[in-house]
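K.L.:
the sequence and its predicted three-dimensional model are supplied below.
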There are 4 protein chains.
Amino acid sequence: MPEPPSTVEGLNETLGIEYLGGTAERVEGRFEVTDRVRQPFGIVHGGAFAALAETICSAGTYEAVAGDGMVAMGQANQASFLRPITTGTAHAVATARHRGRTTWIWDCEISDDDGRLCALVRMTIAVRPRPSA
Amino acid sequence: MPEPPSTVEGLNETLGIEYLGGTAERVEGRFEVTDRVRQPFGIVHGGAFAALAETICSAGTYEAVAGDGMVAMGQANQASFLRPITTGTAHAVATARHRGRTTWIWDCEISDDDGRLCALVRMTIAVRPRPSA
Amino acid sequence: MPEPPSTVEGLNETLGIEYLGGTAERVEGRFEVTDRVRQPFGIVHGGAFAALAETICSAGTYEAVAGDGMVAMGQANQASFLRPITTGTAHAVATARHRGRTTWIWDCEISDDDGRLCALVRMTIAVRPRPSA
Amino acid sequence: MPEPPSTVEGLNETLGIEYLGGTAERVEGRFEVTDRVRQPFGIVHGGAFAALAETICSAGTYEAVAGDGMVAMGQANQASFLRPITTGTAHAVATARHRGRTTWIWDCEISDDDGRLCALVRMTIAVRPRPSA
């Protein structure tokens, strides 16, 4: 795997998102449910699910294309929320459905500690040449 | 406006998302671009845009329906990312496109300090009876 | 299965869409690729893929809920197009991902005769009480 | 405007979709509501709305980029259905929200004869070099 693009921890650290790695076909991640990811009603904020999916799908794409001098960034993030999570850990598994020259598409499923499906996120990741330094 | 549903600040505070209020037809919000909302390449993480849109559209819906004993929560969040933001403030304006009995749909535009459109988010908000205490 | 809601063949007949049935968890359908589903460049029009997915997911939901006096109708149709189809048959398989009281969500995959994935459609189907006659 | 890419009328003729033209920023189209676009309950099939949006947004993009040797094709079609149409004409107006080098994004609104908003479609159109003959 290429070296990380920067030392900015950023939103992933802010929200406690962990990228657990994987392959070019399947990656995983998670976050612990604490107040920092909740919305005012006490359930996980939909934006946290969207962020978790985007982090792991971007990372999975980047790891696969960086060796060819390319970068990866989110182009579209389509999340559907099925069941609220209030406590425990949110677990994400993303599967690559399309790995094109300019676009990758991943389906990310987010489940709770009991394995119940809580959110579905379809991520479109753009693959572009790395900008010159 | 009804009293806030809880005192949990949660993700909005974590990411610095401010809800600026509005009407049942148009609401606004924003966040300042700091490392807490950036991804590793130094640009704003797509999840932060998704979260900003969801916060203001949920709040706008909740304010309109709470008086009828209803609550509002995100059902779908469809974000398209057009232009990265690296610094300054992300400004969101959402317009209600549909206000149904069980579903509201909002279009949220997120722009940078120069007024350039950076993300489009279509939010579907479910409206449901408030759970009994 | 309940009797068909009407004798209007409509768009399904117009485009040659066949609903092949299945279970409350998995349904199938297809259409033959002729000029009636092509766009001007000679490939299948994206709207034909969207229609195929909506037909089979609506039908699968309707068959499952009609016995309870409910009807099913499309609420959102999110299609991503991965690979064009120019000839042969478009084959769709949809899997129910969420079967809620008011909303079902299906993931529909459309493939060509060689089994290559050509389109992904996430369908949200609203479930509502049957209108009084 | 460049000459049409082919003489295949295809799905547009099948469903009665008319492209009414416009500018690189705003295009229009429509279809008459007859049984050929209805689903079994007698309302317009969601796939017909998706197809109408895709036709006019693809055409609007193509007209703008063809002179540079590019073609346009649908990459994603995200439709939300707000209100059924049973009779009359479906009127579509699409506004370009992003005109990038490789991707255009349009917001398409579909209304009935009384001007009521019935469907919202966000179209992502891929712009690619014209394949060599």
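P.N.:
Great, that's in hand. Numbering: from 1, shown residues only, chains lettered A, B, ... in the order given.
K.L.:
average pLDDT across stretch A:124-133?
P.N.:
Averaging the model's pLDDT scores along stretch A:124-133 yields 89.
K.L.:
same thing with stretch A:66-80?
P.N.:
Averaging pLDDT along stretch A:66-80 gives 97.
K.L.:
try stretch A:36-51
P.N.:
The average pLDDT for stretch A:36-51 rounds to 96.
K.L.:
from the chain's centre, how far out does that stretch sit?
P.N.:
Averaging C-alpha positions (Cα atoms, centre = their mean, to the nearest Å) puts stretch A:36-51 15 Å from its chain's average.
K.L.:
that one: which residues count as buried?
P.N.:
Buried residues in stretch A:36-51, defined by neighbour count with 16 or more other Cβ atoms under 10 Å in any protein chain shown: A:36-41, A:43-51. For every residue, glycine as well, the C-beta is placed using N, CA and C.
K.L.:
ok, and of those residues, which contact chain B?
P.N.:
Among the buried residues of stretch A:36-51, proximity to chain B is found for A:36-41, A:43, A:45-48, A:50-51 (Cβ under 8 Å from any Cβ of the partner chain).
K.L.:
what is the nearest of these to B:Glu63?
P.N.:
A:Pro40 (12.1 Å; Cβ to Cβ).
K.L.:
hang on, the closest one in a strand?
P.N.:
No - judged by DSSP: H, G, I helix; E, B strand; the rest coil, A:Pro40 forms no part of a strand; its state is coil.
K.L.:
the helices in chain A, which residues?
P.N.:
Applying DSSP state H to chain A gives helices spanning A:11-15, A:46-65.
K.L.:
closest one to chain D among those helices?
P.N.:
Taking Cβ to the nearest Cβ, helix A:46-65 is the member of the helices of chain A nearest to chain D, at 15.1 Å.
K.L.:
does that closest one reach chain C?
P.N.:
No - counting by Cβ under 8 Å from any Cβ, chain C is not contacted by helix A:46-65; separation bottoms out at 13.5 Å.
K.L.:
for A:Glu18, report the pLDDT, please.
P.N.:
Note on A:Glu18: pLDDT of 97.
K.L.:
now it: how far from A:Thr89?
P.N.:
To A:Thr89, A:Glu18 is 10 Å away according to Cβ to Cβ, to the nearest Å.
K.L.:
overlap in contacts of the two?
P.N.:
Each of A:30-31 lies in contact with both A:Glu18 and A:Thr89 under the rule Cβ atoms under 8 Å, 6 or more residues apart in numbering or on different chains.
K.L.:
ok, those two, which is more surrounded?
P.N.:
The neighbour comparison of A:Glu18 against A:Thr89 (other Cβ atoms under 10 Å in any protein chain shown) goes to A:Glu18, with 17 against 14.
K.L.:
for A:Thr86, which non-adjacent residue is spatially closest?
P.N.:
Leaving out its chain neighbours, the residue that sits closest to A:Thr86 by Cβ to Cβ, 6 or more residues apart in numbering or on different chains is A:Ile43, at 5.4 Å.
K.L.:
which bits of chain A sit near chain C?
P.N.:
By the rule Cβ under 8 Å from any Cβ, the part of chain A lying against chain C is A:78, A:80, A:82, A:97-98, A:100, A:105, A:107, A:117, A:120, A:122, A:124.
K.L.:
now the most centrally placed residue in chain A: how far from chain C?
P.N.:
When Cα atoms, centre = their mean is applied to chain A, the residue found nearest the centroid is A:Ala53 (2.6 Å). From A:Ala53 over to chain C the distance is 13 Å, taken as Cβ to the nearest Cβ, to the nearest Å.
K.L.:
got it, and A:Val44?
P.N.:
17 Å.
K.L.:
which residue ranges of chain A form strands?
P.N.:
Taking DSSP state E, the strands of chain A run over residues A:18-22, A:26-32, A:70-81, A:89-99, A:103-111, A:117-129.
K.L.:
ok, which of those strands comes nearest B:Leu11?
P.N.:
strand A:26-32 (10.8 Å).
K.L.:
which neighbouring elements make contact with that closest one?
P.N.:
With contacts defined as 3 or more Cβ pairs under 8 Å, 6 or more residues apart in numbering or on different chains; DSSP states H and E, strand A:26-32 has these neighbours: strand A:18-22, helix A:46-65, strand A:89-99.
K.L.:
which residue packs closest to A:Thr124, ignoring adjacent ones?
P.N.:
According to Cβ to Cβ, 6+ apart, the nearest residue to A:Thr124 is A:Ala76 (4.0 Å).
K.L.:
neighbours around that neighbour, how many?
P.N.:
Using other Cβ under 10 Å, A:Ala76 has 27 neighbouring residues.
K.L.:
cool, and A:Gly100?
P.N.:
Look at A:Gly100: counted by other Cβ under 10 Å, it has 12 neighbours.
K.L.:
out of the helices of chain A, deepest packed?
P.N.:
helix A:46-65 (a mean of 28; mean count of other Cβ atoms under 10 Å in any protein chain shown).
K.L.:
roughly how far is that one from the heart of the chain?
P.N.:
With Cα atoms, centre = their mean, you get 2 Å for helix A:46-65.
K.L.:
can you check stretch A:98-111 too?
P.N.:
Here stretch A:98-111 shows a centroid-to-chain-centroid distance of 10 Å under the convention Cα atoms, centre = their mean.
K.L.:
adding distance to C:Asp112, write the strands of chain A out as a markdown table.
P.N.:
A markdown table is the format used below for these (distance: least, Cβ to Cβ, whole Å):
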| stretch | distance to C:Asp112 |
| --- | --- |
| strand A:18-22 | 28 |
| strand A:26-32 | 24 |
| strand A:70-81 | 24 |
| strand A:89-99 | 14 |
| strand A:103-111 | 17 |
| strand A:117-129 | 21 |
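K.L.:
out of those strands, the one nearest A:Ala59 is which?
P.N.:
That would be strand A:18-22 among those, by Cβ to Cβ, at 5.0 Å.
K.L.:
okay, buried residues for the closest one please.
P.N.:
Under 16+ other Cβ under 10 Å, the buried positions of strand A:18-22 are A:18-19, A:22.
K.L.:
between its first and last residues, how far does stretch A:78-89 reach?
P.N.:
Start-to-end span of stretch A:78-89 (Cα to Cα, to the nearest Å) is 21 Å.
K.L.:
quick one: residues in contact with it.
P.N.:
Residues outside stretch A:78-89 that contact it (Cβ under 8 Å, 6+ apart) are A:30-33, A:38, A:42-44, A:46, A:49-50, A:53, A:112-113, A:116-123, B:50, B:73-79, C:78, C:97-98, C:100, C:105, C:122, C:124, D:78.
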